[in-house]
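S.K.: Let me see the structure of the following:
(one chain, ligands or ions: 1)
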Amino acid sequence: MPAQFDSIIIGAGQAGPSLAGRLTKSGRRIAFIERKLFGGTCVNTGCTPTKAMVASAYVAQKARTAAAYGVTVQGAVSVDMKAVKARKDKIVADSRDGLEKYLRGMNNCTVFTGHASFESPNQVRVGDDLLTAKEIFINVGGRAVVPDFPGVDSVPWMDNVNILELETLPRHLIVVGGSYVGLEFGQIFRRLGSEVTIIEKNSRLVSREDEDVSASISSFLEKEGIRVRTSAECIHFEARGTDIAAGVDCTDDPTDSFGSHVLLAVGRRPNTDDLDLAKAGIAHDAHGYITVDDQLRTNVPGIWALGDCNRRGAFTHTTYNDFEIVAANLLDNDPRRVTDRILCYALYTDPPLGRVGLTETDVRKSGKQALIATRPMTRVSRAIEKGETEGFIKILVDANTKEFLGASILGTGGDEAIHCIIDTMYARAPYTTMQRAVHIHPTVSELLPTVLDDLKPLH
Ligand SMILES: Cc1cc2nc3c(=O)[nH]c(=O)nc-3n(C[C@H](O)[C@H](O)[C@H](O)COP(=O)(O)OP(=O)(O)OC[C@H]3O[C@@H](n4cnc5c(N)ncnc54)[C@H](O)[C@@H]3O)c2cc1C
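M.R.: Okay, here's the model as predicted:
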């Protein structure tokens, strides 16, 4: 006999645990299934460990440049990779353990550890247990794509999971993929002491961003000694003695990059291939992303998909917002929708990139009448005082409605300052509201009203 529950949640990522809290409070008896690490990608192999390591890398860099601040560091700066890892592991473990304890201690929540797959639209198998419920929530996340580059199987490559297990520094790390994940790891390891080469198939790094953003990021990474190889048309690998050779075009190019380690950071795929979606009749696209409507319902009544597996976002905050949307619709009679969400995210290089809404390229393509203002971080007093003047601020507004269309803040504090614009966009307030706000001196946010004084038509 299957064990009966009101709801089943598959995956302890960024939506499932909070949803469990709301569902059990509503009186439901729920089954919660996690096959590996509580907290999923973000806590264990994504946001948390990388940002912990970004912090170690930042300190190493500051120590190297201490003299510029009038601070003397005796002797060469060295990095104890085991200690860097131990610090990161503790931060991760505290978060993961806290979450597991929360779920296991939750009233009306039975936790199952194991791989879940569908048996029918209302039945899920986990090991020997067959569970049944009229509501099923899929929050299974994703994993790194391993492309079939020629020779990739002949070299020991890493992804975002096993690179975090390194206890010694790579002599030379080759990062394949010059986008968000690749750039963060590339700069981390360069600052910790590795040689780093970043290989990107597009003609510039983070090609989803505007060209000036890509150029500025390339510039500050190259100043730190990272080698950037773009337009890598035909990436291939070969073991050469103790080295790994990475070729970037299909000719016998003598300019292969040689490294000791390879990180593949070329995209993600959803963890849906082993869920037996077909047994439940759940629709998905050609890449395995589960098809959902604006309230995250799948095509099968009583089944929802949240987070990275539904292709409606690829971030922790979008996954958490998926939980809010589902809970609001199901429990609060509040018709929140995915399309109410405004795109925003950060890239955690140092300095970081805070982004919201449309890029300048998007705005130009849209044909909207727009105004634009920019300011280099060399003209932001907080950045000058911190000695961190790389990057710039760029803001776009609609010339007719005066509402913000989007912004990029590439610079120290950009990941925080961007929220002034995010909140104004959610408020649907015109930019003139921000111009009349008094921000705190000295901050990066303080300069945003001043930047707006420079708005001029986008030609
Ligand atoms: C290196 C890296 C850095 C990142 N940094 C950031 C950042 O700074 N900010 C940000 O917003 N986002 C960041 N992300 C993205 C972020 O980690 C994801 O968007 C987020 O974790 C998605 O949450 P999720 O709940 O959808 O999936 P996940 O967090 O992946 O959780 C899914 C869970 O489901 C479990 N599961 C899967 N299949 C099954 C099954 N069949 N049965 C049982 N359990 C199953 C998995 O074990 C996992 O625990 C980063 C990602 C990477 C890789």
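S.K.: all contacts plus neighbour counts: C-alpha atoms, from now on.
M.R.: Will do.
S.K.: Report the contact partners of residue 358.
M.R.: 405-407 (CA atoms under 8 Å, 6 or more residues apart in numbering).
S.K.: In helices, which of those fall?
M.R.: Judged by DSSP state H, the contacts of residue 358 include no members of helices.
S.K.: Let's have these in a markdown table, adding neighbour count, pLDDT and distance to residue 209.
M.R.: Shown next, in a markdown table, are the contacts of residue 358 (neighbours: other CA atoms under 10 Å; pLDDT from 0 to 100; distance: CA to CA, whole Å):
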| residue | neighbour count | pLDDT | distance to residue 209 |
| --- | --- | --- | --- |
| 405 | 25 | 98 | 15 |
| 406 | 26 | 98 | 12 |
| 407 | 25 | 98 | 11 |
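S.K.: With distance to the ligand added, can I get those in a markdown table?
M.R.: Formatted as a markdown table, the contacts of residue 358 follow (distance: CA to the nearest ligand atom, whole Å):
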| residue | distance to the ligand |
| --- | --- |
| 405 | 21 |
| 406 | 18 |
| 407 | 18 |
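S.K.: tell me the average confidence for the top helix by length along the chain?
M.R.: Longest helix in the chain, counting residues (DSSP H): helix 81-104. Helix 81-104 comes out with an average pLDDT of 98.
S.K.: Excluding sequence neighbours, find me the nearest residue to residue 216.
M.R.: residue 391 (6.1 Å; CA to CA, 6 or more residues apart in numbering).
S.K.: Surely that neighbour is in contact with residue 376?
M.R.: Yes - with contacts defined as CA atoms under 8 Å, residue 391 counts as touching residue 376 at a distance of 6.2 Å.
S.K.: Quick check: residue 170 vs residue 38, distance?
M.R.: Residue 170 sits 29 Å away from residue 38, going by CA to CA, to the nearest Å.
S.K.: More neighbours: those two, which one.
M.R.: Ranked by neighbour count (other CA atoms under 10 Å), residue 170 and residue 38 place residue 38 first, with 25 against 20.
S.K.: which stretch of helix or strand covers that one?
M.R.: Using DSSP states H and E, residue 38 falls within no helix or strand.
S.K.: so what's the backbone phi/psi at it?
M.R.: phi -60, psi 140 (degrees, to the nearest 10).
S.K.: do the same with residue 138
M.R.: The phi/psi pair for residue 138 (degrees, to the nearest 10) is phi -100, psi 120.
S.K.: could you list every residue that touches it?
M.R.: Counting by CA under 8 Å, 6+ apart, residue 138 has contacts 9-11, 303-306.
S.K.: how near is it to residue 270?
M.R.: 11 Å.
S.K.: shaky segments in the stretch 201-350 of the chain?
M.R.: 251-254 (pLDDT under 70).
S.K.: So which bits of it are right by the ligand?
M.R.: 271, 275, 307-308, 314-317, 319 (CA under 6 Å from any ligand atom).
S.K.: Please narrow the residues you listed to those residing in helices.
M.R.: Per DSSP H, these map to helices at 316-317, 319.
S.K.: ok, so of those, who is nearest the ligand?
M.R.: residue 316 (3.8 Å; CA to the nearest ligand atom).
S.K.: Leaving out the residues flanking it, which one is nearest to that closest one?
M.R.: Nearest non-adjacent residue to residue 316 (CA to CA, 6+ apart): residue 14, at 6.1 Å.
S.K.: Let me know how buried the one you found is, in neighbour terms.
M.R.: 29.
S.K.: who's in contact with the residue nearest to the spatial centre of the chain?
M.R.: Nearest residue to the geometric centre of the chain (CA atoms, centre = their mean): residue 315, 5.0 Å. Counting by CA under 8 Å, 6+ apart, residue 315 touches 307-308, 345.
S.K.: quick one: which of these is most hemmed in?
M.R.: Of these, with other CA under 10 Å as the count, residue 307 tops at 29 neighbours.
S.K.: Am I right that it is in contact with residue 139?
M.R.: Yes - Residue 307 is within contact range of residue 139, at 5.9 Å (criterion: CA under 8 Å).
S.K.: what sits in contact with each of these two?
M.R.: With CA under 8 Å, 6+ apart, residue 307 and residue 139 have common neighbours 14-15.
S.K.: With the ligand as the reference, measure out to residue 351.
M.R.: 14 Å (CA to the nearest ligand atom, to the nearest Å).
S.K.: Near that residue, how many other residues are there?
M.R.: Residues near residue 351, counting by other CA under 10 Å: 21.
S.K.: mind starting the numbering at 27 from now?
M.R.: Yes, from this point I'll number from 27; that puts the last item at residue 377.
S.K.: Run through the helices of this protein in chain order.
M.R.: With DSSP H as the criterion, the chain has helices spanning 42-51, 66-71, 73-90, 107-130, 206-218, 237-249, 303-306, 342-357, 386-392, 407-412, 440-452, 457-461, 474-478.
S.K.: In the longest one, which residues are buried?
M.R.: By that I understand helix 107-130. 107, 110-111, 114-115, 117-119, 121-122, 125-126, 129 (16 or more other CA atoms under 10 Å).
S.K.: before we move on, what about the first one?
M.R.: Buried residues in helix 42-51, counting neighbours by 16+ other CA under 10 Å, are found at 42-50.
S.K.: In a markdown table, list those residues along with distance to the ligand and pLDDT.
M.R.: Formatted as a markdown table, these follow (distance: CA to the nearest ligand atom, whole Å; pLDDT from 0 to 100):
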| residue | distance to the ligand | pLDDT |
| --- | --- | --- |
| 42 | 7 | 98 |
| 43 | 9 | 98 |
| 44 | 11 | 98 |
| 45 | 11 | 98 |
| 46 | 13 | 98 |
| 47 | 15 | 98 |
| 48 | 16 | 98 |
| 49 | 17 | 98 |
| 50 | 19 | 98 |
